[in-house]
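[1] Pasted the sequence and its predicted model underneath.
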Amino acid sequence: MSLTFCHDYPLKPLNTFGMDVRARDFCQLDTLAELPALLASPAYQAGPVLWLGGGSNLLFTRDYPGLVVKLALRGIRLLEQNGDEVIVEAAAGENWHAFVLHTLEQGCYGLENLSLIPGTVGASPIQNIGAYGVEVKDHIHQVICADLENGGAPLTLSAAECRFGYRDSVFKHEAAGRLLVVAVRFRLSRAPRLRTGYGDIQQELAAAGVTTPTPLDVSAAVVRIRSSKLPNPAQLGNAGSFFKNPVVPTEQAQALLERHPALPHYPAADGKTKLAAGWLIDQCGLKGHRNGDAGVHARQALVLVNYGAASGEQMRALAAKVRAEVKLRFGVELEPEPIIL
């Protein structure tokens, strides 16, 4: 299939906030064989370039003044099996949740707690997605990249070379704009090692009458939990959790807990403490707050939603208001998860 470039292309169907914006130029990359032609094209050379996966971690505030490339690389394959350990490779354009369900159906376990996270496989290492006590870095073996500054030459990074952190990786820093994630290799297990320590999962399994859960049971429980708390982007525009849970020095957390004993908190790396951003926003009285069609979701304060006709600037202003009020009341800086363009 040859590359097709479109001019003045509508992006509303390609971002989960449903922002009604357009791209100067657009094309879809279906195979790596098309990459050299893409890199040599006038639209690419003119720049800037935005590589688009599922569009679930973006907030457009205006039309994009460059080339948007929809990354549609597909394919899943079992690379290795050594005892209980298996290595599974998935192309960057695969839908994340569909991939998780595929691994479970094939008896490859480990990703069940990450069910129903929106987006694509290629975005998972960039964001180091995580939920219910699991981060994707726990199961990444290698990330296959194309070096865009070297004609798209293949480059394989180990998990250590990805420098994963909380919702962070090397792909957000010096590799940004240079390394394109084209596939991810996951280290999974044929033997279930369930992580059901989160209270929500325990409660959901108990409510379903499951006493000896399987990985599929855990996945189904996570899907029910997320569906009950998070709005479906197909029905209400959103990008999932809009803010990261802030990680603060333990001394600051202790001072906050003296004033707010109910503040949910968890141990974090480097002796720091992770706070629950949703609780902080809720305590500011912002859950359900709405300014026109830009709002804070009524059931989950971490989620900002587009009720239909909100502009990107309105969503950005709402995010700024939330950050300012949390900062004023708690002295804590909230950091957005989505990329704001």
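    Arrived safely, thanks for sending.
[2] what about residue 171, distance to residue 242?
    Plainly put, residue 171 is 20 Å away from residue 242 if you go by Cβ to Cβ, to the nearest Å. In short, each C-beta sits where N, CA and C put it, glycine included.
[3] for the longest helix belonging to the chain, packing partners?
    Criterion DSSP state H: the longest helix present in the chain is helix 312-330. Under the contact criterion of 3 or more Cβ pairs under 8 Å, 6 or more residues apart in numbering; DSSP states H and E, helix 312-330 touches strand 58-59, helix 277-283, strand 290-291, strand 294-296, strand 303-306.
[4] Residue 197 is nearest to which of these?
    Residue 197 lies closest, by Cβ to Cβ, to one member of the helices and strands packed on helix 312-330: helix 277-283, at 19.2 Å.
[5] how far is the closest one from where the chain is centred?
    Centre-to-centre, helix 277-283 and its host chain are 20 Å apart (Cα atoms, centre = their mean, to the nearest Å).
[6] All the helices of this protein, residue numbers only.
    Under DSSP H, the chain gives helices at 35-40, 42-46, 96-105, 123-127, 199-207, 215-229, 250-259, 277-283, 312-330.
[7] tell me the most buried of the ones you listed?
    Most buried of these by mean neighbour count (mean count of other Cβ atoms under 10 Å) is helix 123-127; its value is a mean of 26.
[8] same for that helix, what does it pack against?
    Contacts defined by 3+ Cβ pairs under 8 Å, 6+ apart place helix 123-127 against strand 140-147, strand 179-189.
[9] In the last one, which residues are buried?
    Applying a neighbour-count criterion of 16 or more other Cβ atoms under 10 Å, one finds 179-189 buried in strand 179-189.
[10] Now do that strand and helix 96-105, the angle between them.
    Orientation check (axes from the mean of the first three to the mean of the last three Cα atoms, to 10 degrees): strand 179-189 against helix 96-105 gives 30 degrees.
[11] In terms of secondary structure, what does strand 179-189 contact?
    strand 85-91, helix 123-127, strand 140-147, strand 153-158.
[12] which of the residues in the third one are buried?
    Spelled out, that is strand 140-147. Here strand 140-147 shows 140-146 as buried, counting by 16+ other Cβ under 10 Å.
[13] what do you get for stretch 256-276?
    Buried, per 16+ other Cβ under 10 Å, within stretch 256-276: 256, 263, 265, 268, 272-276.
[14] can you check stretch 64-79 too?
    For stretch 64-79, by 16+ other Cβ under 10 Å, it's 64, 66-73, 76.
[15] Return the closest of those residues with respect to residue 150.
    Closest to residue 150, out of all of the buried residues of stretch 64-79 and judged by Cβ to Cβ, is residue 69, at 17.7 Å.
[16] Tell me what that closest one is bridged to.
    residue 27, residue 51 (DSSP bridges).
[17] Return the residues in contact with it.
    Contact analysis of residue 69 by Cβ atoms under 8 Å, 6 or more residues apart in numbering lists 26-29, 38, 49-52.
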